[in-house]
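# sequence first, then the predicted structure, then my questions.
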2 protein chains.
Amino acid sequence: MRLSPLLLSVWLLSAASLPARAGTPVATTATDAAAALRERALADDTAWKVVESLTTEIGPRLAGSEADARAVAWAQAKFRELGYDRVWIEPVRFPKWERRGESAQVLGAHAQPLVVTALGGSPGGTVEAEIVRFDSLEALQAAPAGSLAGRIAFVDYRMSRARDGSAYGKGGAIRSRGPSEAIRKGAAGFLMRSAGTSEHRVANTGITRFDEGLTPVPAAALSLPDADQLTRLLARGPVRVRLALDCGWDGEYTSHNVIGEITGREAPQEVVLLGAHLDSWDLGTGAIDDASGIGITMAAGRLIGQLPQRPRRTVRVVAFANEEQGLVGAREYARRHAADVANHVVAVESDFGAGRIYGFDTSAGVAHAPASAIARALAPLGIAPMPGKGGPGPDISPLAAAGGAWAWLGQDGTHYFDLHHNADDTIDMIDPADLAQNVAAYTVFAWLAADASEGFGSAARAQED
Amino acid sequence: MRLSPLLLSVWLLSAASLPARAGTPVATTATDAAAALRERALADDTAWKVVESLTTEIGPRLAGSEADARAVAWAQAKFRELGYDRVWIEPVRFPKWERRGESAQVLGAHAQPLVVTALGGSPGGTVEAEIVRFDSLEALQAAPAGSLAGRIAFVDYRMSRARDGSAYGKGGAIRSRGPSEAIRKGAAGFLMRSAGTSEHRVANTGITRFDEGLTPVPAAALSLPDADQLTRLLARGPVRVRLALDCGWDGEYTSHNVIGEITGREAPQEVVLLGAHLDSWDLGTGAIDDASGIGITMAAGRLIGQLPQRPRRTVRVVAFANEEQGLVGAREYARRHAADVANHVVAVESDFGAGRIYGFDTSAGVAHAPASAIARALAPLGIAPMPGKGGPGPDISPLAAAGGAWAWLGQDGTHYFDLHHNADDTIDMIDPADLAQNVAAYTVFAWLAADASEGFGSAARAQED
């Protein structure tokens, strides 16, 4: 039994807090119903309130920290407060990394402090050594073997701003792979220009990895002005730096994916999954990374839950654990639900900040019937179909690799890397109107996908190791 | 013997690196000569190079720090390199304050770190206490006696941006007087929203004073986003904070005012003084506070020194010691030169950043003959006479109080407090074209004042204690 679009639309229009007027046209199609839901979402401040609550009451929530446990409790309570039908948690275990302190100083005739932050996964330790600067990861890779013995490698790649954040490809690779490359050349420490675009004295953290068989060395990122300063100093002659990090891995921790459902009325086992991650780095309060995603997806589910009847399928919102240190919660979710991939009709993640959404894509193809209905409903939000431009969000990628269909609601990331992984990632930087546009897109998408008569092509597939 | 304006102008035009063209008009008046000097200054990058050198090679230069001594040596060498006729130093002694570390955390259910910086002059110490918030200094003053016993006062006044920086009147007063007011009410610690306008996670330091007879308590400033966060937390209920400062006074130190002169050809004992201060706070590299002033004034003197003959009077550039902790170098200069006030024809200071100059004023009145000639020469730079709007710069004020005439070249300070006294005060934030406009104004002013046939009314006067 489905609620007719007519009835749904009447409810949506009457429930909106607009003054009733004689002559208000009544929607009569599913498209009109989606439009009414979209307008309702644009006027809704649930996402903002969720972001405010998470970033204020929990604050930074590094995976494995005391705040991680508080965030898990917070998310369960928030799902319940927002009227979700079912709320549960699924355990996720991982090694725990801690940051306790960090500093860097130029030594000698030009002695002065530099603003740095340890990369996640770095060992602690103090290194005093001469700096050797490289323009790129490739230049570091081309350095002769042993040429960095007893030195600190400094990779000084400058990211540019772009709507799709494409420069992060290179910047992120330097953070992940740079330390291991430096160690192979003999380096005693690693510094990089932050993989970010802020002109301010904030340095960007983020996970790094040390390749098997290498002995890790202290690895940190400089704020952009400090990278500029170090480059100016190097233009004058050799520079020695003291890099002192107090951080490292310390035991194991069990966190949880937190899941809330609006249960489908006809096919509750079929799931439209909206994802975001609950953990954050520790320097900011994780507002755009990823409280905004938590707020957007929780608010979308709530708006659908407020309709007079449930959609055909279930809308499942997943607040993933520990995305930052390697999609740990997402991998565990895919492992735990491996037998159920085909029932994950389509999955989408909000994890690229709080900028406006401009593009829509899906693994089903935007010409596929439900996708094209969604594209039409998104168009008034300034969102265009962009076949071939999208992909699964980070936390959706393990499910997608297992054969799950994905959708992409592409956000404007021009200023995302001004804030990503640094101390400026606070709620002050979020525009409430942009956030509401995201909620409108997620709500329309989730409702139309959950109520569509056909799926998006999810089918379990054998995975390579 | 004066060089005729005609000869001077011919030299200026020929010295400029413009291609010579047949038919180039030759300036024939003092006004034209000033115009040629102005254009030459606009194309000159000396100030930028000086700022780059000071902020890179010395970096932060807290009064009394190891970098203070390096800065004094740097300034003497720079004056000589720039062709000044005489360079000397005058000792300035003061107590030394050191910052070694600082942190703050919200305790309890919403535990999280807050970005703070100790106010200059604060004692060290650790306080764990409940926060009591006030909107203003007046609200703190109105609190009942003893009402803050064992608590931390938090003054949450929000500065607005203004071209003349007028909101700093209130913000600066909270920093200077807030801690003493809080102690009088029994407070164990003091926090304030930074006296600044940056939206970023940078907190603003600056000197505070504890009134005679009070026992100082740890006093610090929060970044604006952290002040917002604390206010959001307080809206939810009582908040306890742990404020831990490692800083304090430690012995005495002797620094130096550094002075360079372009010696006048007819009345070398008569001085046009251009001031700026050499010290800075320690969080940034002191680029707009006040390397820019050092660069502007040093460059202006150099341009005048490059003319084929010296002006009638001496142009004296003073790089004052320890402005930040109470105009210490400026007071010592006024004391040492007390018998020579009447020979300080006019004094001006650049200590409000690197924004464009928009206004001119002087204690002589802008209608006074030399002042009005200066005003005419400044007009093409977008600088308007603003009688009654100006005043002596901080380091000029002791001399002005002793009867010295002053001039004011008012800079646009709209964004000055985004950077002032915080970590973002780096060269990256300076616009070279704006800096050159400042140099042009100072050069024209200094040359016309030094070559004018009359003075600006300096006359020693008895001072009250």
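Everything's here; your move. The shown structure was predicted, so the numbers you read here are calculated from the model rather than taken from an experiment.

# please give the centre-to-centre distance between stretch A:68-87 and its chain.
19 Å (C-alpha atoms, centre = their mean, to the nearest Å).

# dump the C-alpha coordinates for that stretch into PDB.
The C-alpha trace of stretch A:68-87 is given here as PDB (Å, rounded to 0.1, in the frame of the first residue of the first chain):
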ATOM      1  CA  ASP A  68      35.200   8.800  20.600                       C
ATOM      2  CA  ALA A  69      33.100   7.000  23.200                       C
ATOM      3  CA  ARG A  70      31.200  10.200  24.000                       C
ATOM      4  CA  ALA A  71      30.500  10.600  20.300                       C
ATOM      5  CA  VAL A  72      29.100   7.100  19.900                       C
ATOM      6  CA  ALA A  73      26.700   7.700  22.900                       C
ATOM      7  CA  TRP A  74      25.800  11.100  21.400                       C
ATOM      8  CA  ALA A  75      24.900   9.600  18.000                       C
ATOM      9  CA  GLN A  76      22.700   7.000  19.400                       C
ATOM     10  CA  ALA A  77      20.800   9.500  21.500                       C
ATOM     11  CA  LYS A  78      20.600  11.900  18.600                       C
ATOM     12  CA  PHE A  79      19.100   9.300  16.200                       C
ATOM     13  CA  ARG A  80      16.400   8.500  18.900                       C
ATOM     14  CA  GLU A  81      15.700  12.200  19.500                       C
ATOM     15  CA  LEU A  82      15.200  12.600  15.800                       C
ATOM     16  CA  GLY A  83      12.600   9.900  15.600                       C
ATOM     17  CA  TYR A  84      14.500   7.100  13.900                       C
ATOM     18  CA  ASP A  85      12.700   3.700  14.100                       C
ATOM     19  CA  ARG A  86      15.700   1.600  14.900                       C
ATOM     20  CA  VAL A  87      19.100   2.600  16.400                       C
END
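
# what's the average pLDDT for the longest helix seen in chain A?
In chain A, assigned by DSSP state H, the helix with the most residues is helix A:432-451. Mean pLDDT, helix A:432-451: 97.

# and it with chain B, contact?
No. For helix A:432-451, no contact with chain B is found by C-beta under 8 Å from any C-beta of the partner chain; the gap never falls below 14.7 Å. All C-beta spots, glycine's among them, are computed from the backbone N, C-alpha and C.

# buried residues of that helix, list them for me.
For helix A:432-451, burial by neighbour count (16 or more other C-beta atoms under 10 Å in any protein chain shown) applies to A:434-451.

# just stretch A:220-237 next, same as before
Going by neighbour count (16+ other C-beta under 10 Å), the buried part of stretch A:220-237 is A:220-234.

# also stretch A:271-290?
Those would be A:271-290, for stretch A:271-290 by 16+ other C-beta under 10 Å.

# the residues you listed in strands, which ones?
A:271-277 (DSSP state E).

# nearest to A:Gly178, of those?
A:His277 (24.1 Å; C-beta to C-beta).

# how close does that closest one get to chain B?
Counting by C-beta to the nearest C-beta, to the nearest Å, the separation of A:His277 from chain B is 18 Å.

# I'd say that residue and A:Tyr333 touch.
No. The criterion here is C-beta atoms under 8 Å, and A:His277 misses it with A:Tyr333 at 11.0 Å.

# fine by me, we can end here.
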